[in-house]
Every structure is written in C-alpha cells, then in structure tokens.
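Asks: Quick one, structure for this:
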Amino acid sequence: MKKIKKFFKIFFLSCLGIFFLVSFYFYLCEFIHFDKKPVEEEKKEEEKKEEKKEYHLTLGMVGDALYHTGAYADGRQSDGSYNFDSQLADIKPIIEEYDLAYYNQESILGGTELGLSSYPTFNSPQEVGDAYVNAGFDLVSLANNHTLDKGERGVLKSTAYWKTKSAMTAGSYDSLEDRNRSHIGEKNGITYAFFAYTDTTNGIPVPSGKEYLVNVFSEEKARADIESVKDKVDVIFVSMHWGVEYTHTPTETQRKEAEFLASLGVDVIIGSHPHVIQPIEHIGDTVVIYSLGNFISAQTGTNKRVGLLASLDIHKTVENGNTTITIDNIKGDLVYTYFTSNYKNFRAIPFAKLNNDLLYNYQSIKEQYEKIINQNDSSVIVGSLG
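Replies: Numbering: from 1, shown residues only. Modelled structure (predicted):
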C-alpha cells in the first residue's frame, strides 16, 4: 500500500513538474515572441523608411528639319551620295549630353529613289535621318503638314527607313498595327510615352481607311492614346504640329488644345509648325513649348533662322511605396541656321558660338528672342548656353 502511495506521489510530482516546465516553455516562447515582434516590425519600418530611390532624366528638344533644295544639295558628296553630319557638328556635343533628344522631321524622308523635292511638296534624302541619329536624337515626330506630300508611298518609304533606326518615332505609320504598337520607352529608371499629332495636312486628304498614315489631331484620338498609357508610365510627351506660320504668338486653338492635353495628364507638350519661336510656359504642372521654330531649313529671314533649343530635367523619387515626379530646370536657348548667300555650308550653330561675321548684331538678336521665350513664364531659364 505504501509502495502504491509512493508511486502516485512520484507520478503526481512528475506530472506537476512536467506541467510547470511545459507552461514555462510556452510562457517563455510567448514572452520572446511578443517581445521580439515589435522589434522586428520596428526594424522593418526603419528599413522601409530608408528605401528612398531617386532617378534623373534630361530631355533636349529642337524644332523643324525642313530640307529645301539648298539644304539637301549641301549634303551631296562628290560620289553622288549624301552626308549631313557637318551640318550638325556644332550642335552634336550639346545633344549628346541629354538622356533623350527630340526633333521634328518636317520634310518626309522618302529617299532618292522616290525623287528629291522641295517646296511645296517635300521629299528628302534618308541620309538626313542618319545624321540626326548620329548626333544623338532619339525621339522623332513624323506628324506634320508635309507628312502626306508624297502620298502613301512616301509614308511607306519613310516608316520603312525609320524601322531600321534606334530612334522612337510617332505620328506616322504604315498600318493600323504599326500605329497600335507600343509608344513606351525607358531611360535611367524613368518610363515615358511619346505621341505626335498634326492639326493640318495642307489640304491633302488622308486616304479613307488609312488614317494611320498620319495622326491628325482630335480630342477623341488623343484621349484614347493617352488613357492607354497613363497608368503604365512616369511621364508623357506629346508633339503638336499646330498654330499659324511666322507668328510668335500662340493662337487660341493652340492654347485650347494645350489645356485639353494638360487635363489628360500630359507632362510635356512640344510644339512646331510656325517656323518661328513661341513662348514656353506652364499649364498647371504641364510644360508647354508652343513652337521650337526651325532647326535647319533654307528659309530666309532671321526669324526663320533662329530656332529654340529647349531642355528640362525630370526627377523621379520612390519612397515608402510612393512615386513622385517633378519637372524643373526648364531652359530656352537659341540656335542659328547658318548658310552662305549661295546656299552652301549649312550649320546649326548655338548662339554661344556665334560672332558678328556669322550673324551681325547677334547679341541684340539674342536678347530679343530670349524675351519671347519667357514672356509668359519667368521661371524659364534663358541663355544658359551663353
């Protein structure tokens, strides 16, 4: 009997000991768990706060490449081929400094096989495009009033050429499938979309069912394009061929279309067609460059030979899962199309490299055009290149 009691006593004490040990173990686990959890969460929160990433992108923009007879004849070599690198030699070092660089190819690049021509229906050597790509341009607008100068055949020659190049083009296509291709690019961790439209085709009708040949602007078309990418990219660039030729003042239509595009979330509107400089200004957070003017052409008159080199900086900050985009350092500098009286030696020259032999009274002219650039927006930095 004593042995049985002793056994139960030992058994009871053993169970009690095991119970206390197990209880202590779970208590310890819970203590460690609850004690450690806030530390781990606090550490994760601190790490999350420290995950701030910044990205930076520069964009440079020049105006119309409009190749009249004098301008393309100047590129003809002794063997009959064409080379236009010398025309861009003075501007190339500047363009190469930008992460992205834009221009408007005003005269269609149908090439020599199609027959070169000048005003009023242009067709230029495809070697023009070679020189611009070599100089660092990688965003090219093909939507303008001369896109249909050589009809569908000209567009097909042009688009076939550009498909062999690394530059992103917009505004003219060889098919609906081509028009519906991606207009999205990425540089330095910043994604962008690029579209181009024109308000006019000089009265040349767009072939029915082939509206893809040139993007004629409409609010419906622009809205559909922009809505398709706005949630996929950080910034949106739109090239607009608009306004009235040879006037420094934006029209009411330009302003209305700019306001509409700004309302859709377009970040930068790049204007051309007037062939002369118009102001840069903001509509909300949208940067609007109403007209870059000519870049290279054989048009005479100082107003048509002074073009705008615009540039800006894009900043992207990602912090705590939130992305912020800001655009600043908006600049307006001047470029002069130099050529001799017999239409030779064409060169796009930054005003910083000019002298009175190249352009008489160039300093006074510089001041005049810089006033046009920021007459409506004093935040624009003018004359940064000298």
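
Asks: ok, D234 - how many residues close by?
Replies: 18 (other Cβ atoms under 10 Å). Quick note: C-beta positions are derived from backbone N, CA and C, even for glycine.

Asks: Tell me which residues touch it, please.
Replies: The neighbours of D234, taking Cβ atoms under 8 Å, 6 or more residues apart in numbering as the test, are 190-192, 314, 316, 323, 325.

Asks: For Y360, see how far away L385 is.
Replies: 20 Å (Cβ to Cβ, to the nearest Å).

Asks: Which one's more surrounded, the two?
Replies: The neighbour comparison of L385 against Y360 (other Cβ under 10 Å) goes to L385, with 16 against 11.

Asks: got a pLDDT number for the spatially most central residue of the chain?
Replies: Centroid check for the chain by Cα atoms, centre = their mean gives F237 as the closest residue, at 4.9 Å. At F237, the pLDDT value in this model is 98.

Asks: what bridges to it?
Replies: In this structure, F237 bridges to F194, V268 when assessed by DSSP bridges.

Asks: list the contacts for it?
Replies: When the contact criterion is Cβ under 8 Å, 6+ apart, the partners of F237 are 59, 102, 139, 192-195, 266-268, 270.

Asks: ok, now V382?
Replies: 331-333, 370, 373-374.

Asks: Could I get the phi/psi values of it?
Replies: phi -110, psi 150 (degrees, to the nearest 10).

Asks: now do G383
Replies: G383 adopts backbone torsions of phi 70, psi 30, taken as degrees, to the nearest 10.

Asks: circling back to that earlier point, only whichever of the contacts of D234 are buried, select them in ChimeraX.
Replies: This is how ChimeraX selects the buried members of the contacts of D234, with burial counted by 16 or more other Cβ atoms under 10 Å:
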select :190,191,192,314,316
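
Asks: Closest one of the contacts of D234 to L116?
Replies: Y192 (33.9 Å; Cβ to Cβ).

Asks: Could you pull up the residues touching the closest one?
Replies: 57, 100, 184-186, 233-237 are the contacts of Y192 under Cβ under 8 Å, 6+ apart.

Asks: Quick one: buried ones out of the contacts of F237?
Replies: 59, 102, 139, 192-195, 266-268, 270.

Asks: returning to what we had before: would you convert the contacts of V382 into JSON lines that also reports distance to Y119, secondary structure and pLDDT?
Replies: Listed next are the contacts of V382 as JSON lines, based on distance: Cβ to Cβ, whole Å; DSSP: H, G, I helix; E, B strand; the rest coil; pLDDT from 0 to 100:
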{"residue": "K331", "distance to Y119": "32", "secondary structure": "strand", "pLDDT": "97"}
{"residue": "G332", "distance to Y119": "28", "secondary structure": "strand", "pLDDT": "97"}
{"residue": "D333", "distance to Y119": "28", "secondary structure": "strand", "pLDDT": "97"}
{"residue": "E370", "distance to Y119": "30", "secondary structure": "helix", "pLDDT": "95"}
{"residue": "I373", "distance to Y119": "28", "secondary structure": "helix", "pLDDT": "97"}
{"residue": "N374", "distance to Y119": "32", "secondary structure": "coil", "pLDDT": "93"}
